[in-house]
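>>> Sequence and predicted model, in that order:
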Amino acid sequence: MTRFLPEIPSIHDTAWSARVQALIDQKTKPLGALGLLERLAHRLACILHSEAPRLAQPQMLVFAADHGLAARGVSAYPVDVTWQMVRNFLSGGAAVSVLARQNGLDLHVVDCGVAREIAARPHVPGQPRLWHCKVAHGTQDCSSAPAMSAAQCDEAMRHGALLVQALPGNAVLLGEMGIGNTSSASLLLARLCALDVAQVTGAGTGLDAAGVARKVAVLREVLELHHAAHEPLEVLAAMGGFEIAAMVGAVLQAAHERRVIVVDGFITTAAVLVASRLRPTVLERCVFAHRSGEPGHTIALQALGAEPLLDWGLRLGEGSGAALAWPLLESACAMLREMASFASAGVDGQKAEAEAEAA
């Protein structure tokens with residue numbers, strides 16, 4: 001269906017992995033005393049293939065698009081909120097804008113298929129940047145037709161890949177905005193993992209119990225209509241969104257370039273799920289920022305064998321969870337680069353370990 005499938009070789013290296021683990025174990029601390037931070041440092045050192053990893057010029061990418069399915073009432077908010085929130089991102093008032101600014105992340109807002117036109121604006125260094133990558137003014141209503149054609153899906157994926165190619169640095173953080181896109185994420189997860197859609201469908205933007213029941217009923221209709229779609233790109237085109245397809249392309253390209261990929265919440269994880277079905281080795285480059293309040297997200301993380309860094313009940317999207325988790329990645333790298341070893345500090349490692357066990 002698409003020609004955009006870059007080669008992504010495995011970065012697993014048993015000898016290198018053991019070397020990095022030995023470096024971590026020789027830091028001035030009891031074995032494993034820094035818990036998940038140690039595992040995170042090990043992962044980053046393996047992705048960047050460095051004993052002293054440093055995260056350079058991190059890029060926060062927020063992909064935005066509208067969904068025709070929103071007309072079926074699957075969201076508590078109207079479609080115009082997508083466009084309004086894009087303006088909020090660019091003006092600096094959204095959560096991701098604040099957190100990106102706080103953490104020194106370059107913020108890019110990508111119009112993949114917002115239903116309204118967004119006026120071009122000159123880029124000011126240090127300010128959020130708008131990218132025009134519109135495939136169409138929103139997808140089709142996937143309860144009556146495929147969300148997008150194969151050509152549109154390919155175009156959106158290429159936009160995501162070309163954006164990553166155009167940006168500097170060795171880390172990308174994924175975010176999204178699109179009224180109705182939790183429905184697409186639920187559909188992708190249900191079909192690709194052969195799950196009951198009710199099991200992976202939540203309140204999204206804030207539906208009540210009756211609203212969630214109506215949402216599930218609509219999603220069942222969609223799955224029945226597209227019962228023949230099972231291959232990852234067929235499923236993406238039939239039931240996905242332009243912003244999700246663009247994220248799939250961005251993930252594939254970032255993995256190809258061996259960048260660290262920081263995955264936000266449910267929708268971004270759904271994009272990674274699709275990418276991993278195309279190239280399983282993308283998961284070796286991913287760090288999962290958090291477990292969201294959407295029930296489908298926990299199931300998606302389990303399906304991917306992912307260990308999220310935070311579990312705070314977040315469900316905003318935008319990349320807000322990825323931005324919140326970012327300092328943990330910086331801390332993991334700093335620990336590996338700067339923390340003394342027993343030998344360099346003149347500390348008796350065996351004695352320290354024995355005293356820790358005795359305590």
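Sure thing, it's come through.

>>> Who are the contact partners of the residue positioned nearest the centre of the chain?
The residue lying closest to the centre of the chain (CA atoms, centre = their mean) is residue 263, at 2.7 Å. By CB atoms under 8 Å, 6 or more residues apart in numbering, the contact set of residue 263 is 174, 269, 272, 286-289, 306, 322. For the C-beta atoms, the positions are set from N, CA and C on the backbone; glycine is no exception.

>>> can you do 6 Å?
Listed by CB atoms under 6 Å, 6 or more residues apart in numbering, the contact partners of residue 263 are 174, 269, 272, 286, 288.

>>> Out of these, give me the one that has the most neighbours.
Sorting the contacts of residue 263 by how many neighbours each has (other CB atoms under 10 Å) puts residue 269 first, at 31 neighbours.

>>> which residues are in contact with the helix or strand encompassing it?
Per DSSP states H and E, residue 269 falls inside helix 266-278. The contact list for helix 266-278 (CB under 6 Å, 6+ apart) reads 174, 176, 181, 185, 188-189, 232, 236, 244, 247-248, 251-252, 263, 282-283, 292, 294, 296-297, 300.

>>> same question, stretch 192-212
75-77, 182, 186, 189-190, 216, 219, 294-296, 299, 303.

>>> can you list the residues you listed in TSV and add neighbour count?
TSV is the format used below for these (neighbours: other CB atoms under 10 Å):
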residue	neighbour count
75	26
76	15
77	16
182	30
186	33
189	26
190	24
216	20
219	25
294	24
295	17
296	26
299	19
303	16
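
>>> remind me which residues of the stretch 251-359 of the chain are low pLDDT?
Scanning the stretch 251-359 of the chain for pLDDT under 70 picks out 350-359.

>>> what ranges do the strands span in it?
260-263, 286-288 (DSSP state E, counting those that start in this stretch).

>>> partners of the first one, with directions?
Using DSSP bridges, the neighbouring strands of strand 260-263 in the sheet come out as strand 171-177 (parallel), strand 286-288 (parallel).

>>> Adding distance to residue 47 as columns, could you present the ones you listed in CSV?
Converted to CSV, the strands paired with strand 260-263 look like this (distance: least, CB to CB, whole Å):
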stretch, distance to residue 47
strand 171-177, 9
strand 286-288, 8
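
>>> quick one, what contacts residue 236?
153, 245, 274.
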